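1. Turn this into a structure:
(one chain, ligands or ions: 2)
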Amino acid sequence: MGDKVGVRVKRLPNGVGLDLPHYATSGAAGMDVVSAETVSIAPGARHAVATGLALAIPHGYEIQVRPRSGLALKHGITVPNTPGTIDSDYRGELKVILINHGAEPFAIARGDRVAQLVLAPVTQAEWNEVDELDETARGAGGFGSTGGHEKL
Ligand SMILES: O=c1ccn([C@H]2C[C@H](O)[C@@H](COP(=O)(O)OP(=O)(O)OP(=O)(O)O)O2)c(=O)[nH]1
Ligand SMILES: [Mg+2]
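-> Ligands and ions are numbered 1, 2, ... in the order given. Okay, the predicted model is just below:
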């Protein structure tokens with residue numbers, strides 16, 4: 001892994017005593033983030049899980065909130081807006097939106113790892129409006145135009 005990028009993090013009152021998001025292994029892409037609350041998510045329900053953290057991500061970066069595959073596979077717990085987007089200018093509490101696609105209620109205890117955070121560079125675009133676009137071999141073909149699973 002390359003050099004690390006500093007991200008300012010502030011514990012909110014409900015975040016005192018919790019582990020900060022951390023990489024479980026030296027090569028991990030995501031930092032596991034823990035819940036600041038104890039809550040149960042009913043089958044089919046969604047919940048914005050508090051983390052007790054507020055961030056100041058450097059300009060030019062975002063943080064993506066991604067599901068943990070173990071929770072998805074074993075319990076049907078995922079992030080419906082994955083990857084969640086944490087903007088560099090957001091100063092509110094980081095929340096992890098979870099949905100329970102499983103058949104059983106999913107119990108979360110304070111301190112449980114509920115998702116992972118990936119710091120990623122972001123480039124903002126500016127529009128250059130034109131009357132004509134250049135031609136390409138693909139053209140307007142899409143949505144399976146090059147072939148799909150029916151050929152397998
Ligand atoms: O999983 C998430 C997604 C978003 N946010 C926070 C940080 C983000 O910067 C802000 C706005 O997110 P987004 O742009 O995805 O939501 P929106 O529905 O477009 O709301 P807004 O109008 O506030 O941008 O909400 C979270 O805490 N967790
Ligand atoms: Mg938005």
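2. so residue 75 sits right up against residue 104, yeah?
-> Yes - counting by C-beta atoms under 8 Å, residue 104 is a contact partner of residue 75 at 7.5 Å. Backbone N, C-alpha and C define where each C-beta goes, glycine included.
3. Those two: which is more packed in?
-> Per other C-beta atoms under 10 Å, whichever of residue 75 and residue 104 has more neighbours is residue 75, with 18 against 11.
4. ok, the more buried one - contacts?
-> For residue 75, the contacting residues are 100, 102, 104, 106, by C-beta atoms under 8 Å, 6 or more residues apart in numbering.
5. Quick check: the second one is in a strand.
-> No - with DSSP: H, G, I helix; E, B strand; the rest coil as the criterion, residue 102 is coil rather than part of a strand.
6. How about it: what's its closest non-neighbour residue?
-> residue 76 (3.1 Å; C-beta to C-beta, 6 or more residues apart in numbering).
7. all helices for the chain, in order.
-> With DSSP state H, the ranges of helices along the chain come out as 69-75.
8. Identify the residue of the protein closest to ligand 1, quick one.
-> Ligand 1 sits closest to residue 84 of the chain, with a gap of 2.6 Å, by C-beta to the nearest ligand atom.
9. Leaving out chain neighbours, which residue sits closest to that residue?
-> With C-beta to C-beta, 6+ apart as the criterion, residue 84 has its nearest non-adjacent residue at 3.2 Å, and that residue is residue 65.
10. For that neighbour, give the beta-bridge partners.
-> Residue 65 forms beta bridges with residue 84, residue 117, as assigned by DSSP bridges.
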